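A.B. asks: Build me a model from this:
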Amino acid sequence: MTDLTLESLAARVNRLERQNRRLKAAGVLLVAVFAAVVCVGQADKPKPVEAEEFVLRDAQGHERARLGLEQGMPALRVFDANGELRTAVGLTKEGTPALALCDANGKLRAQLGLIGTEERPQFGMADTQGRTRMALHLIEDGRPGLVLQDKETRPRAVLAMKDDNQPLFHLVDPEGKERAALALGEDGAPVFAVADRRGEIRASLAQGQQGDTALLLFDPAGNPRAGLVIEGARPVLSIRDANGTPRVGLGLGTEGATALEVGDADGRVRARLAIDNDGRPTLQLLDAESKPLFSAP
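C.D. replies: Next comes the predicted model:
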C-alpha cells in the first residue's frame, strides 16, 4: 500500500510551507542587516571641516586657543584666562618645527626647535626679560654643546665635545675672548689653560700619559718661559729665554740631592751648583765645550 495518501501529502505540503516562510523571514532579515551596515558605513564617514582659522573660547567668551596660519606657516597658540600667550607650536618661516613656552607676562621662557639646514635640535631657556641665557644644542657634526649667556646674551661659558670625542669647557670674557679652558686630551689626560685679554695662552697645567704633572708659563708672544714639572717624585723648575732656550734649571733628586744649573744662549750648561745626598756642596764652571774651568771643592 502506498504512503502517498491525501493525509501524508497534506502533511508534506504543510512542512514545506512552514520551511518556505522561515526562509523568507531569514532572507528579509539578511537584507535588513545589509542595509543597516551600508547606512552605518555611510553615516560614519567623516566629513572634512575646512577653515583658514579656528578660535576656541571659554564660557566667558575669552579666547583660549587659536589655530591658523602665520606668515603662511601653521601655528597653534594657547592663552591663559588673562589672555596672555602661554604656549605656541608650529613651523618657522624656514619650515622647521618649534615649540615656545611663555610665562604669565607673555615673556618667552623656553623654546625647543630644529635649526639650520641640517635641522639640528636646540633647547633654550630665557630670563624674565625674555633674554636667552642657556642653550643646549647639537653642532654641525652631531656633537653636543651647552652655552651659558650673560644679560646681554653674550656667550660666557661653553661646554662641548671636541673632534677627538673628548670634553672641553671654555670660559669667555665680555669681549668674546676665551680666557680659560679645561679639556681632556686624546689620551684622556686633563689640561687647564689660562689666557690674557688677547686670547693668548699665558699659563697651562697638564698631566702627561705617565702621570707627570707640568705647569707652564708663557710670555705675551706665546713662548714658554717657565715650567715646573713633577717627574715621578722629582720636581724640576726650568726657566727659558724668549727663544725658548733653557737658561736656568733647578731640580731635586729622589734621594734628596739638589742641583742648580745655569746655561748660555745655546742651552749649554755653564755653571752647576749641587748638594749631594750626604749634604756636600759642589760648584762647577764650564766652558762652551762643557769642559771644567773651575770646580770646588
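A.B. asks: which regions of the stretch 101-250 of the chain lie under the pLDDT threshold?
C.D. replies: 209 (pLDDT under 70).
A.B. asks: where along it do the strands fall?
C.D. replies: With strands called from DSSP state E, counting those that start in this stretch, the stretch 101-250 of the chain shows them at 108-115, 120-126, 132-138, 144-149, 155-161, 167-172, 178-184, 190-195, 201-207, 213-218, 224-231, 234-240, 246-252.
A.B. asks: Switch these over to a markdown table; also include mean neighbour count.
C.D. replies: C-beta here means a position set from N, CA and C on the backbone, and glycine is covered the same way. Output for the strands of the stretch 101-250 of the chain, formatted as a markdown table (neighbours: other Cβ atoms under 10 Å):
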| stretch | mean neighbour count |
| --- | --- |
| strand 108-115 | 17 |
| strand 120-126 | 17 |
| strand 132-138 | 17 |
| strand 144-149 | 16 |
| strand 155-161 | 16 |
| strand 167-172 | 16 |
| strand 178-184 | 17 |
| strand 190-195 | 16 |
| strand 201-207 | 17 |
| strand 213-218 | 17 |
| strand 224-231 | 16 |
| strand 234-240 | 16 |
| strand 246-252 | 16 |
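A.B. asks: Between those, which one is closest to Arg280.
C.D. replies: Nearest of those to Arg280, taken as Cβ to Cβ: strand 246-252 at 15.9 Å.
A.B. asks: Out of the strands of the stretch 101-250 of the chain, flag the one nearest Glu52.
C.D. replies: Closest approach to Glu52 among these is made by strand 108-115 (24.6 Å; Cβ to Cβ).
A.B. asks: possible to save the strands of the stretch 101-250 of the chain as CSV with distance to Phe294?
C.D. replies: Putting the strands of the stretch 101-250 of the chain into CSV (distance: least, Cβ to Cβ, whole Å) gives the following:
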stretch, distance to Phe294
strand 108-115, 72
strand 120-126, 70
strand 132-138, 66
strand 144-149, 61
strand 155-161, 57
strand 167-172, 51
strand 178-184, 47
strand 190-195, 42
strand 201-207, 37
strand 213-218, 32
strand 224-231, 28
strand 234-240, 23
strand 246-252, 19
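A.B. asks: Out of these, which is closest to Ile275?
C.D. replies: Closest to Ile275 of the strands of the stretch 101-250 of the chain is strand 246-252 (Cβ to Cβ; 9.9 Å).
A.B. asks: Mind listing the strands that closest one pairs with, and their directions?
C.D. replies: Paired strands of strand 246-252, with direction, are strand 234-240 (antiparallel), strand 258-263 (antiparallel) (DSSP bridges).
A.B. asks: Could you check how far the shortest one is from the centre of its chain?
C.D. replies: To tie it back to what came earlier, the one meant is strand 258-263. The chain centroid and the centroid of strand 258-263 are separated by 49 Å under Cα atoms, centre = their mean, to the nearest Å.
A.B. asks: So what touches that strand?
C.D. replies: The contact list for strand 258-263 (Cβ atoms under 8 Å, 6 or more residues apart in numbering) reads 245-253, 269-275.
A.B. asks: let's see it at 7 Å
C.D. replies: Applying Cβ atoms under 7 Å, 6 or more residues apart in numbering, the contact partners of strand 258-263 are 246-252, 269-275.
A.B. asks: What number of residues are in the vicinity of the residue nearest to Lys107 when sequence neighbours are not counted?
C.D. replies: Setting aside the residues directly before and after it, Lys107 is nearest to Gly130 in space (Cβ to Cβ, 6 or more residues apart in numbering), at 4.3 Å. For Gly130, the count of nearby residues is 13 (other Cβ atoms under 10 Å).
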